[in-house]
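Asker: Fold the following and give me the result.
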Amino acid sequence: MIIDEGVLTTWLLNASSARQLGLETTGHASRGLAGPPGVSPSNLTLLPGAHDQAALMRQAGSGVLVTSMFGPSLNANTGDWSVGCSGQWFENGEIAYPVTEITVAGNLIDIYARLVAGSDLEIRGSSNSPSILVDGLAIAGK
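Answerer: Here you go, the predicted model:
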């Protein structure tokens, strides 16, 4: 477990990053087809919650069901994050119309503190997550 009950329990470290920090490697080295070695998880899963996606949408009332994200931006000093999105706008928990080229933004500390995991987890790769409800994000665009 990387995070247990909201507490960070370990770092993701390859040999190089472990040496720099004076710690032991955690075996999280990664390598792509090009570029230097890095650090990444190989089996990361957000545990599922109690409600399916439809229930999360009803709980939210209105918002965006994000189906695609592009061009993320992160200020690593402040945690401010934004990303271009497309998806479906919903009202009263029901899909109303498609949206495209909008921006969703917030602060990662706030986002992680408020996220609610859905029950629809499917394991398909090395990083897996159920649907996630996050309230209080800024949404811009038409």
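Asker: could you say which helix or strand contains Leu23?
Answerer: Counting by DSSP states H and E, no helix or strand carries Leu23.
Asker: ok, for it, nearest residue in space, not its chain neighbours?
Answerer: Leu13 (6.1 Å; Cβ to Cβ, 6 or more residues apart in numbering). The C-beta positions use only the backbone N, C-alpha and C, and glycine is treated the same way.
Asker: my guess is that neighbour contacts Ser30, does it?
Answerer: No: if you go by Cβ atoms under 8 Å, Leu13 and Ser30 don't touch, sitting 11.6 Å apart.
Asker: Can you pick out the residue with more neighbours from those two?
Answerer: Leu13 (19 against 13; other Cβ atoms under 10 Å).
Asker: check contacts around that one.
Answerer: Leu13 makes contact with Leu21, Leu23, Glu24, Thr25, Thr26, His28, Val39, according to Cβ atoms under 8 Å, 6 or more residues apart in numbering.
Asker: domains in this protein, as residue ranges please.
Answerer: The chain resolves into domains spanning 3-42, 53-140 when parsed by automatic domain parsing.
Asker: which helices and strands sit right next to the lengthiest strand in the chain?
Answerer: In the chain, taking DSSP state E as the definition, the longest strand is strand 94-107. Judged by 3 or more Cβ pairs under 8 Å, 6 or more residues apart in numbering; DSSP states H and E, the packing partners of strand 94-107 are strand 63-74, strand 80-91, strand 138-140.
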